[in-house]
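Participant: Turn this into a structure:
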Amino acid sequence: NPLHVLRGNLIAMLDGIYPLDQAEVGRLLEQTDHLTALVNDLHELSLAEARRLPMDLEPVELGVLVKEAAEAFRPLAASERIELRVELLGPPPTVHADRARLRQTLQNLLWNALRHSASGGRILLSVEEVAGAATVTVQDSGTGIAAEHLPRIFDRFYRAEEARTRAGGGSGLGLSINRDLARAQRGELTAENA
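Facilitator: Prediction:
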């Protein structure tokens, strides 16, 4: 728990056990940043679940938004030697959504895809309209998620990889927040192994 680490180190500094140096202060600052992100994520999740998160709904061209999100991640993907492609399958649909929240969801999904794709892998974003429903798919070449974990990956704090530490990943709230953001805009977020 970041609070315990922070408090323990501060007490050790006051007691003269740890020196009050820049390196230690830097580590404590990292812990406060982690706590700030966690508190912000929890606040956003509670607002989204209660359908009280402010939404600025407007017409959004999905093809344009997906291309912008991909361009933002292209340098990181290239540095990891991961191919990042966008496919528009037919005329890209326009949806009534909150552009910033939709971008946030795409960025979170892209970040997850990059984190779980090995060097030399690929990520494909596709946009299409099927039976009147707009669909954005983020598909990566990672190992996938074990079938027993799939039903729970949108649960708060759930991690399919037990060995992954909190320091090595996010707060464990990203997919839960994104699911509620999608629902607040009359959409749905799903996951499957291809």
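
Participant: need the contact list for the nearest residue to Glu192 once chain neighbours are set aside.
Facilitator: Nearest residue to Glu192 in three dimensions, chain neighbours excluded: Leu150, at 7.1 Å (CB to CB, 6 or more residues apart in numbering). Backbone N, C-alpha and C define where each C-beta goes, glycine included. By CB atoms under 8 Å, 6 or more residues apart in numbering, the contact list for Leu150 reads Ala191, Glu192, Asn193.

Participant: separation between Leu150 and Leu65?
Facilitator: The gap separating Leu150 from Leu65 is 26 Å, by CB to CB, to the nearest Å.

Participant: And for Gly120?
Facilitator: 28 Å.

Participant: Looking at the two, which is more packed in?
Facilitator: Leu65 (19 against 10; other CB atoms under 10 Å).

Participant: by contact count, what packs against the one helix or strand the more buried one maps to?
Facilitator: Assigned by DSSP states H and E, Leu65 falls within helix 62-79. Helices and strands touching helix 62-79, by 3 or more CB pairs under 8 Å, 6 or more residues apart in numbering; DSSP states H and E, are strand 83-89, helix 99-115, strand 122-130, strand 133-140.

Participant: strands paired with the last one, and their directions?
Facilitator: Taking DSSP bridges as the criterion, strand 133-140 sits next to strand 122-130 (antiparallel) in its sheet.

Participant: for the shortest one, same thing?
Facilitator: Strand partners for strand 83-89, identified by DSSP bridges, are recorded as strand 122-130 (parallel).

Participant: got a list of contacts for the partner strand?
Facilitator: Contacts of strand 122-130 (CB under 8 Å, 6+ apart): 62-63, 66, 69-70, 77, 82-93, 106, 110, 113-114, 117, 134-141.

Participant: Buried ones in that strand, by neighbour count?
Facilitator: Ile123, Leu124, Leu125, Val127, Glu128, Glu129 (16 or more other CB atoms under 10 Å).

Participant: do you know how far the nearest residue to the fifth one once chain neighbours are set aside is from Val130?
Facilitator: Here the nearest residue to Glu128 in space, its sequence neighbours aside, is Leu89; by CB to CB, 6+ apart that works out to 3.7 Å. Computed as CB to CB, the Leu89 to Val130 distance reads 9 Å.
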